[in-house]
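Peer 1: coordinates only, sequence not included:
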């Protein structure tokens, strides 16, 4: 019997992000997921080292890797549509849950349980998912910064809105990251040396 899960995951590279906006360079969900994974890992480590928490940074990274994998089935729904109103949010949440179930069905039974908690996280891991959501927004903010650096003003409003959304999350880990690490994204390669 063929199992299609990993072949489906490899298709993340074909799903383009920011479809409604002019981009100076394209970004796919595979690239985005790697960045979210690294940022979620960083936020968890900041929580542990700077705030005395006991977060599983590796688990946060794993959640980040798979956080948008349902878009293989749903596509990347533009934010203004996805979050248009509470009813639309709930409908899309149901669609994502169905897509997650469909992806899990591509696994053989003996592997399914290993992935189920990634696609359907346990209540005790809710804070890690908050960090993944924050990492997702940080990745979007980085994209906005990069686009503005390339002279693309298309992302100016998104940069402001994403910055506000991150601050509104009121996560200490995010505040630390934005104060200590985000300024480097505004620098050129030569300035990073």
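Peer 2: Received, thanks. Keep in mind that what you see is a predicted model, and the values were worked out from it rather than measured.

Peer 1: nearest spatial neighbour of residue 129, skipping sequence neighbours?
Peer 2: Of all residues not flanking residue 129 in the chain, residue 121 sits nearest, at 5.5 Å (CB to CB, 6 or more residues apart in numbering). (Glycine included, C-beta is placed from N, CA and C.)

Peer 1: Give the helix, strand or coil label for the one you found.
Peer 2: coil (DSSP: H, G, I helix; E, B strand; the rest coil).

Peer 1: if I read this right, it contacts residue 128, doesn't it?
Peer 2: Yes: assessed by CB atoms under 8 Å, residue 121 is found in contact with residue 128 at 7.5 Å.

Peer 1: the more surrounded of these two?
Peer 2: Taking neighbours as other CB atoms under 10 Å, residue 121 and residue 128 compare with residue 128 leading, 24 against 15.

Peer 1: For residue 162, which residues are in contact?
Peer 2: Residues near residue 162 by CB atoms under 8 Å, 6 or more residues apart in numbering: 137, 140-141, 144.

Peer 1: Next, format those residues as a markdown table and append secondary structure and distance to residue 157.
Peer 2: Output for these, formatted as a markdown table (DSSP: H, G, I helix; E, B strand; the rest coil; distance: CB to CB, whole Å):
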| residue | secondary structure | distance to residue 157 |
| --- | --- | --- |
| 137 | helix | 15 |
| 140 | helix | 12 |
| 141 | helix | 13 |
| 144 | helix | 9 |
